[in-house]
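In: Provide a 3D model corresponding to the input given below.
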Amino acid sequence: MADKVEFELVSPEKLLKSLPVDMVVVPGTEGDFGVLAGHSPLISTLRPGVIDVYEGERIVDRVFVAGGFAEVTETRCTVLAEEAVALTDLDRASVEKSIKDLSEDSDDSKSDAEKAAIEAKLAVARAKLDAIGTSSAAH
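Out: Coordinates of the predicted model:
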């Protein structure tokens with residue numbers, strides 16, 4: 001088991017995943033980072049992006065996260081995600097509609113705070129669209 005790292009993915013609602021994996025690649029704020037067994041301890045904020053879960057050299061699972069935190073130890077990688085969705089569950093048409101609606105809401109916003117909140121949601125929606133594009137290009 002020493003060659004595996006325990007990967008846990010937690011959303012505000014529940015524990016989504018808890019399993020031993022060969023490697024997990026996480027979208028850190030300062031860039032993607034891979035976690036293998038024996039990794040140096042680390043805490044990082046996450047940007048909207050995709051977590052890739054590896055068995056051997058093969059990606060066996062891809063999960064979009066809207067942001068959050070990752071805590072890494074020598075034996076474990078725990079991701080506390082603001083939102084987590086299996087990449088296969090994202091629908092291009094609904095994400096594109098969300099971007100259109102949020103863009104209109106941003107144009108109609110009454111205050112800087114309201115506009116900033118909408119822009120944050122828009123950034124997540126655009127990251128989802130990028131993830132869908134990357135996913136379909138990979139297959």
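In: please make it C-alpha for all contacts and neighbour counts, starting now.
Out: Will do.
In: in this structure, which helix is the longest?
Out: Using DSSP state H, we find that the single longest helix of the chain is helix 112-138.
In: in that one, which residues are buried?
Out: By neighbour count on 16 or more other C-alpha atoms under 10 Å, the buried set for helix 112-138 is 115, 118-119, 121-129, 131-132.
In: cool, and stretch 63-79?
Out: 63-70, 72-79.
In: could I get that stretch in CSV with only the CA atoms?
Out: Listed in CSV are the C-alpha atoms of stretch 63-79, where the atom choice follows Å, rounded to 0.1, in the frame of the first residue of the first chain:
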residue,chain,number,x,y,z
VAL,A,63,-13.8,15.6,-11.6
PHE,A,64,-14.4,19.3,-12.1
VAL,A,65,-13.9,21.4,-9.0
ALA,A,66,-15.0,25.0,-8.7
GLY,A,67,-12.3,25.8,-6.2
GLY,A,68,-11.4,25.0,-2.6
PHE,A,69,-8.4,23.7,-0.8
ALA,A,70,-6.1,20.6,-1.0
GLU,A,71,-4.1,19.2,2.0
VAL,A,72,-1.4,16.8,1.1
THR,A,73,0.6,14.6,3.4
GLU,A,74,3.0,11.7,2.7
THR,A,75,0.1,9.2,2.5
ARG,A,76,-3.0,11.3,1.7
CYS,A,77,-4.4,14.0,-0.5
THR,A,78,-7.7,15.5,0.8
VAL,A,79,-9.5,18.0,-1.5
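In: cool, thanks, signing off.
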